[in-house]
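Visitor: Below are the sequence and a predicted model for it; my questions follow.
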Amino acid sequence: MSMCLVALDQHPEQKRLVATNPSLIPAMTEEVLRWSTIAQVLRRHVVVDTELAGSRLAAGDVVYLVLGAANRDPSRWPDADRFDISRAPKTHLGFGHGAHLCLGIHLARLEARIGLERLLAVAPDFRLRDVSFHGTVGLRGPDSGTVVPGKAAPGSPSLGVSALNARPPSKENP
């Protein structure tokens, strides 16, 4: 979700598209996972002697998989460095693959969809401020930052927590 906010903040024209057409949120989420992969580098050990792209790899060798580069491979993704929510859907490595596929893949997609639907419904012009990123090579994503609501959507509830929860304020939900 945080990388979705960063991508939309950096690409206001894409944010406008999603804000006016929330059905694009799933495609936008997949494009964020491709364009800005959180797990950038994975280390693996070669199990059996093999050859990969003309290079010999011996059992026990260490290889580094650079998922961020794979998700921007120009032979697979035309104009791969461009963030484009209308890109034709293809599988990416944003959640890993095979035995290393993230177990929380479906929950993460659901949380992103619901969170973005609610945020964009009340604050379609949000901006980010003071975003700082992890300082590691293997993982990429924001540590902290502030979401500034911007102009409220017409007819939206107040921009408090109850608005993001899409429930009117009450004694139980102030």
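Guide: Ah, there it is. Residues are numbered from 1 along each chain as shown.

Visitor: Now do the buried residues in stretch 25-43.
Guide: Of all the residues in stretch 25-43, those buried under the rule 16 or more other C-beta atoms under 10 Å are 25-41. (Glycine included, C-beta is placed from N, CA and C.)

Visitor: so V148 touches V131, yeah?
Guide: No: look at V148 against V131 with C-beta atoms under 8 Å: they stay out of range, at 11.2 Å.

Visitor: Where does the prediction get shaky in this protein?
Guide: Low-confidence regions of the chain, defined by pLDDT under 70, span residues 152-174.

Visitor: Select the longest helix from it.
Guide: helix 105-122 (DSSP state H).

Visitor: Name the residues of it that are buried.
Guide: Across helix 105-122, burial judged by 16+ other C-beta under 10 Å covers 108-109, 112-113, 115-116, 119-122.

Visitor: Also stretch 98-107?
Guide: For stretch 98-107, a neighbour-count test (16+ other C-beta under 10 Å) marks nothing as buried.

Visitor: what do you get for stretch 72-91?
Guide: 72, 77, 80, 83-85, 87.
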